[in-house]
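> prediction below, plus the sequence it came from.
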Amino acid sequence: MGQAFIPLLGIEDDESLFAMPLLNPRSSEYSLHVLHRDVSLMLMSYLGTLKTLIFKFVVQAFGTGVWATREPMLIAGAASVWLFYLLMRRVAGELAATAGCVLLAADTLYLLTSCFDWGPVALQHLLITGGAYALVRFYQERDERVLAAGCFAFGLAMWDKALAEWMLSGLAVAALVLCLRQIRSIFSLRRAGIAAVAFCLGALPLIVYNAANSGATFSGNFHRETNRFGEKAQVLWNTIDGSGLIGYLTHADSQTPHPHEQRGLQSVSAGIERAMGDDTDNLTIYGLAAAVLLSAVGGWRSVRIVLFAAIAMAVAWVQMAMTATAGGSVHHTILLWPLPMVALAAGFAGAWERAGRAGVWMLAVVVGILSVSSLLTTNEYYRLMSRNGGSLSWTDAINPLRDDLMGRRARTVYCVDWGILDNLRLLSRGRLPLVWSDSFSPAEMAAMSEPGGVFAGHVEGVQYMPENARKLAAAAEGAGLHRESLAVIADSFGRPTFEVYRYVRTVSGGTASGR
């Protein structure tokens with residue numbers, strides 16, 4: 001994807017951030033925040049440490065930084081596309097598998113959310129697609145080792161992020177509705193035991209955590225909400241048409257007084273935008289409607305595959321839509337993938353297989369049109385990113401902020417706004433003495449004003465937690481401290497983003513130096 005996408009480090013939500021390895025702030029050695037030796041069972045009540053465990057070895061082998069953070073999840077995304085091809089080849093045939101693989105690989109938000117692993121989502125796609133492939137293979141070959149592998153993958157998906165329950169329950173309901181006869185034909189108590197044991201082994205850390213914490217994963221994360229279905233349905237629509245992160249991932253033209261000059265591949269991207277327009281919606285939603293209608297032409301197999309995808313997707317989406325704080329963002333709706341591509345590929349391929357060689361060419365044309373429309377959407381993200389840069393959540397100003405703080409050799413760096421501490425910890429390889437601050441008692445303020453202490457936050461007007469900044473200012477005033485700005489850090493587009501400052505004691509006639 002080039003320099004416009006890969007180098008961004010900023011991560012918008014705590015789920016993605018905490019899923020990365022966190023380096024020990026008291027040591028330059030690679031280490032993780034740990035519990036019970038190497039890795040704790042859970043980072044949050046619904047987010048396990050599978051990705052953390054993987055990245056332990058990544059950072060030991062390749063160090064820290066943007067490339068080491070991004071590329072492993074891109075590899076996971078590519079692997080999930082390959083597993084999707086293998087799955088579709090077994091359930092719908094070679095033609096549908098090829099079409100689905102192309103469509104999934106071209107899908108804009110599948111690419112971007114895998115690249116940034118925003119959510120996180122990449123391991124979810126890999127494990128659930130891989131588990132589904134294994135179960136289909138088990139049905140066809142009766143190999144119980146494959147059954148165990150598939151259920152183990154599903155268990156790992158639950159440990160990785162308990163929201164996998166949405167997709168797993170959707171797949172289960174669809175299977176019971178449409179494949180009950182097939183399930184009966186292979187069912188035995190022995191196989192049920194193998195499946196249960198394998199699943200529980202994969203999900204064992206989640207099970208142990210909930211046994212020790214009174215079911216905290218499931219009792220503390222679901223709060224019913226039924227008044228935002230329309231809003232969440234719009235988010236799903238925008239995820240399907242690829243526009244869901246426009247205006248969020250990148251800055252708009254109006255927010256960029258000094259855009260970067262676009263050269264080389266970037267100028268080609270801009271030229272494509274001028275020729276084709278800046279309409280960011282792809283044609284996938286219309287392709288889905290056509291595929292559903294055409295599935296009837298392809299016969300019962302095509303209809304059943306499309307229905308399976310539709311039922312599984314509906315069950316999963318209704319659960320997220322009914323959950324407060326869920327379903328209102330792309331990082332949840334993208335978890336439904338690759339189900340839309342299952343319906344697309346099966347519907348079109350089933351219909352046009354009946355037309356012989358002409359049908360193959362017709363399918364190639366339709367897949368080509370849909371894929372090009374997705375690539376044009378991706379091009380618009382690339383154009384905006386290279387021209388205007390990432391939004392505040394994805395700012396490249398984090399790198400000069402790290403350099404500034406490393407050069408100051410501060411005794412303590414107090415991070416007083418969201419989105420700073422863990423990025424700096426990763427980029428500094430744990431060498432910055434970082435502390436999160438949101439409680440400012442008189443005793444704490446006295447310690448914070450000691451020589452060698454500096455503060456890092458966003459500049460006024462772009463703060464995530466302005467109430468924290470006001471609380472700090474009031475506490476400092478009450479403690480007789482004066483704020484002294486040390487540096488304002490801008491991004492590569494000249495937008496002031498971060499401020500480094502300190503507090504010094506106010507004395508009669510001026511201020512006393514904090515150094």
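Looks like it arrived, so ask away.
> domain ranges for this structure, per the record?
Following automatic domain parsing, one gets these domains for the chain: 14-217+232-253+262-392, 395-511.
> any idea which of those domains gets closest to Glu225?
Among those, the nearest to Glu225 by C-beta to C-beta is domain 14-217+232-253+262-392 (3.9 Å). From N, CA and C alone the C-beta is placed, and that goes for glycine too.
> which stretches of the chain have low pLDDT?
1-39, 278-279, 506-515 (pLDDT under 70).
> parallel or antiparallel, list what pairs with the longest strand seen in it.
Using DSSP state E, we find that the single longest strand of the chain is strand 496-507. Here strand 496-507 has these sheet partners by DSSP bridges: strand 453-458 (antiparallel), strand 481-490 (antiparallel), strand 510-511 (antiparallel).
> would you reformat the ones you listed as CSV and include distance to Leu147?
Output for the strands paired with strand 496-507, formatted as CSV (distance: least, C-beta to C-beta, whole Å):
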stretch, distance to Leu147
strand 453-458, 51
strand 481-490, 54
strand 510-511, 71
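> any idea which of the ones you listed is most buried?
Mean neighbour count (mean count of other C-beta atoms under 10 Å) peaks for strand 453-458 among the strands paired with strand 496-507, with a mean of 23.
> what's it in contact with?
392, 401, 405, 408, 410-417, 419-420, 424, 437, 447-448, 463-464, 469, 472, 486, 497-503, 514 (C-beta atoms under 8 Å, 6 or more residues apart in numbering).
> just checking, which of these belong to strands?
The members of the contacts of strand 453-458 that map onto strands under DSSP E are Thr412, Val413, Tyr414, Cys415, Leu486, Thr497, Phe498, Glu499, Val500, Tyr501, Arg502, Tyr503.
> any idea what sits nearest the fifth one, other than its immediate chain neighbours?
It stands for Leu486. Counting by C-beta to C-beta, 6 or more residues apart in numbering, the nearest residue to Leu486 once its immediate chain neighbours are dropped is Val500, at 4.6 Å.
> run through who's touching the helix or strand where Leu103 lies.
In this structure, Leu103 sits in helix 94-106 according to DSSP states H and E. Identification of contacts with helix 94-106 by C-beta under 8 Å, 6+ apart yields 81-82, 84-89, 92, 110-111, 284, 305, 337-338, 341-342, 344-346, 348-350, 352-353, 360, 363, 367, 370-371, 374-375, 378.
> show the buried residues in these.
Using 16 or more other C-beta atoms under 10 Å as the burial test, the contacts of helix 94-106 include 81, 84-89, 92, 110-111, 284, 305, 337-338, 341-342, 344-346, 348-350, 352-353, 363, 367, 370-371, 374-375, 378 as buried.
> number of nearby residues for Ile214?
Wrong residue type there; residue 214 is Ser, not Ile. 8 (other C-beta atoms under 10 Å).
> so it lies in a strand, does it not?
No. Per DSSP: H, G, I helix; E, B strand; the rest coil, Ser214 lies outside any strand segment and is coil.
> got the phi and psi for it?
phi 60, psi 40 (degrees, to the nearest 10).
> with only the CA atoms kept, save the strand or helix carrying Asp422 in CSV.
For Asp422, the enclosing helix or strand under DSSP H and E is helix 421-427. This file holds the C-alpha atoms of helix 421-427, laid out as CSV (Å, rounded to 0.1, in the frame of the first residue of the first chain):
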residue,chain,number,x,y,z
LEU,A,421,1.4,6.9,26.5
ASP,A,422,1.3,3.5,24.8
ASN,A,423,2.4,4.8,21.4
LEU,A,424,5.4,6.5,23.0
ARG,A,425,6.2,3.4,25.0
LEU,A,426,6.3,1.3,21.9
LEU,A,427,8.2,3.8,19.8
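> packing partners for it?
helix 14-18, helix 398-408, strand 412-415, strand 434-436 (3 or more C-beta pairs under 8 Å, 6 or more residues apart in numbering; DSSP states H and E).
> distance from the chain centre to it, please.
From the chain centre to the centre of helix 421-427 is a distance of 18 Å (C-alpha atoms, centre = their mean, to the nearest Å).
> ok, stretch 350-367 next?
35 Å.
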